[in-house]
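In: no letters, just coordinates:
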């Protein structure tokens, strides 16, 4: 309840009448209810005005389960024969006799706001950044849980290195990572593990698993788990049987950029500054065009959230923030490499959440 | 390409300038590219005017992978430092010097259309029903693949019945269903299997897995797989050790409604008619308030799509359509039951896609 009251305060301070929170990490963060969006509309409507009752729009078939988790709140229950729209608009019109300003979180579909706009004059605004601001500062307890999530990922990184052999499919390695993350104490995975081998490694989000590991491969491993709601996320690049001089040169550049990014991460600097300092290392060596992505992303309840460590982001790093440093070089059709740790700040302390080796590691064949 | 040309024709006939297709079943259906939405905006903009070039907005880090699958099309590639918005709006403004009518498919987020509207005057419309209409009629080959997907699910239903024992967790049964669906020939699951036991069975979409199976439980099993892109989906309700007279009475009502629904399914009747005839059986026995959901949903490339078999849906059943018949009775806090098959129509033939037994089945303890 405390979080809801704080959110209402934030809405009031920004002149927003209401926010719609669909099934998402935001909803889990606010009220502890874990669910995923499906084709039936569902949303928690939270009003800034304490005089106006909040309500939860829920499909009839989900009502019992939602009520068990969400508890005492007004439910607008809709059946398949009628759809969510009429009852939701009727309720909104009873609360607002003017054009309300309503924010939506990131799981609300465009088609649903489009349908609502056909029946009522509403000023919809992007509520994603607002929810990101709201969640950006982690508590001491959340940071502690993130540390444990990080240790589980680190242990899994060591275990999986010893598991990998030439001839295995990428998908076998993915399955084993999932098994290990749970065995090592994770409650769940925080995202589908990435195992990108050989030329696949040049695609940062490659996720097919259909290739067999070969001698002389470069492999990017990228995964994490959830622990008491908090995420971990770490990447390492390893080599199979051998490493070529070119690969070693590029690995050392990525590692230098990674270490620079970790080193310059500090309270009171901007996200842009961290990105620039990291990127300069790769630019100076002539590989700037192959560093395709931002240097990092925030992490907490969601695996990707604010603060984004990227160019032009003037966000000041502050107490309670946690984010990844993950520079990479991706040469299309050839190979890619990335090293990633999570860095966090709490009560004056700088915490590096990952500790598995970043030295060159070669799988024996 | 044929599908894209047909879609352009449909857009023209409805006076729509363009449609944005995000990563989704729609995109896979149109161009064979399987991907899932993530936090970076991605969309294929398809214009109705053949003079206007289609374009694909893609994050830099996904470009290589997308290009490999999507091939020759104009790419609007955006980097993390800039976001998708400016380049996308610039492109749209170069194509439209008037307020265009742009449809969006169901994976486009409200926040992204809200951001676009701040920079350009666009009439966004709901493109979900349009895409559903576009995909509603299956080809002979698609129906054949659905039959195979159905047989894999049926075999898995028999296998899992023999696997279940009192004392197991629901989650163990779920894991085994996934394993069996793949072992029996599925390419993937079509949705996360539902194993709802005891009082959990009264929540149609219960999906936690944390309860242990006990003697005298009712268990709803609901799952399906994908085969060459096409989905299966089937449910059965089983009993552990014993069945009470009340359970037997209700099972027989659900079964009678299910058989009625299958029997009245035919070309040229409306979806409303099938729903009403099925629902009347349950209403007449006094359990109408416990039949929470629609009688069924269409199925094909997606596990839930048009036609929806529900009240007030005047859609006429026609050649190439496939949908579920799945009446149920859900008594809160007590138990629920459901039986589900897929029915399809092709070239004058009525096809029942599932054949596992609907007789009362009791797990021995």
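Out: It's in. Bear in mind the structure is a predicted one, so any value in this text is a computation, not a measurement.
In: how distant is the longest helix seen in chain A from the center of its chain?
Out: In chain A, assigned by DSSP state H, the helix with the most residues is helix A:140-163. Distance of helix A:140-163 from its chain centroid, counting by CA atoms, centre = their mean, to the nearest Å, is 16 Å.
In: show residues contacting that helix.
Out: A:138, A:173, A:176-177, A:180-181, A:184-186, A:190, A:221, A:223-234, A:236, A:238, A:299-300, A:320, A:322, A:342, A:344, A:346-347, A:351, A:353-356, A:361, A:363 (CB atoms under 8 Å, 6 or more residues apart in numbering or on different chains). Using the backbone N, CA and C atoms, a C-beta is placed for each residue, glycine as well.
In: swap the cut-off to 7 Å and go again
Out: With CB atoms under 7 Å, 6 or more residues apart in numbering or on different chains as the test, helix A:140-163 has contacts from A:173, A:176-177, A:180-181, A:184-186, A:221, A:223-228, A:230-232, A:234, A:236, A:238, A:300, A:322, A:342, A:344, A:346-347, A:351, A:353-356, A:361.
In: buried residues, it. List them.
Out: A:142-157, A:159-161, A:163 (16 or more other CB atoms under 10 Å in any protein chain shown).
In: all helices for chain A, in order.
Out: Using DSSP H, helices in chain A cover A:2-13, A:25-31, A:63-70, A:85-95, A:110-117, A:128-135, A:140-163, A:170-183, A:245-264, A:271-284.
In: helices or strands up against the first one?
Out: Right, the one you point to is helix A:2-13. helix A:25-31, strand A:43-47 (3 or more CB pairs under 7 Å, 6 or more residues apart in numbering or on different chains; DSSP states H and E).
In: near chain B, which residues of chain A are found?
Out: Proximity of chain A to chain B, by CB under 7 Å from any CB of the partner chain, involves residues A:39, A:60-62, A:64-65, A:80-81, A:104, A:106, A:108-115, A:124-126, A:128, A:202-206, A:292-294, A:304, A:310-312, A:332.
In: so, low pLDDT: which residues of the stretch 201-350 of chain A?
Out: Along the stretch 201-350 of chain A, segments meeting pLDDT under 70 are nowhere present.
In: now do the strands in it.
Out: For the stretch 201-350 of chain A, applying DSSP state E, counting those that start in this stretch gives strands covering A:218-223, A:225-227, A:230-231, A:234-240, A:296-298, A:305-309, A:322-325, A:328-331, A:335-338, A:341-346, A:349-352.
In: with distance to residue A:249 and mean neighbour count added, can I get those in a markdown table?
Out: Listed next are the strands of the stretch 201-350 of chain A as a markdown table, based on distance: least, CB to CB, whole Å; neighbours: other CB atoms under 10 Å in any protein chain shown:
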| stretch | distance to residue A:249 | mean neighbour count |
| --- | --- | --- |
| strand A:218-223 | 13 | 25 |
| strand A:225-227 | 33 | 24 |
| strand A:230-231 | 33 | 26 |
| strand A:234-240 | 13 | 23 |
| strand A:296-298 | 24 | 25 |
| strand A:305-309 | 25 | 24 |
| strand A:322-325 | 21 | 26 |
| strand A:328-331 | 10 | 23 |
| strand A:335-338 | 11 | 25 |
| strand A:341-346 | 22 | 24 |
| strand A:349-352 | 26 | 13 |
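In: can you redo the ones you listed as TSV with distance to residue A:30?
Out: Formatted as TSV, the strands of the stretch 201-350 of chain A follow (distance: least, CB to CB, whole Å):
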stretch	distance to residue A:30
strand A:218-223	27
strand A:225-227	17
strand A:230-231	15
strand A:234-240	27
strand A:296-298	18
strand A:305-309	14
strand A:322-325	19
strand A:328-331	34
strand A:335-338	33
strand A:341-346	22
strand A:349-352	25
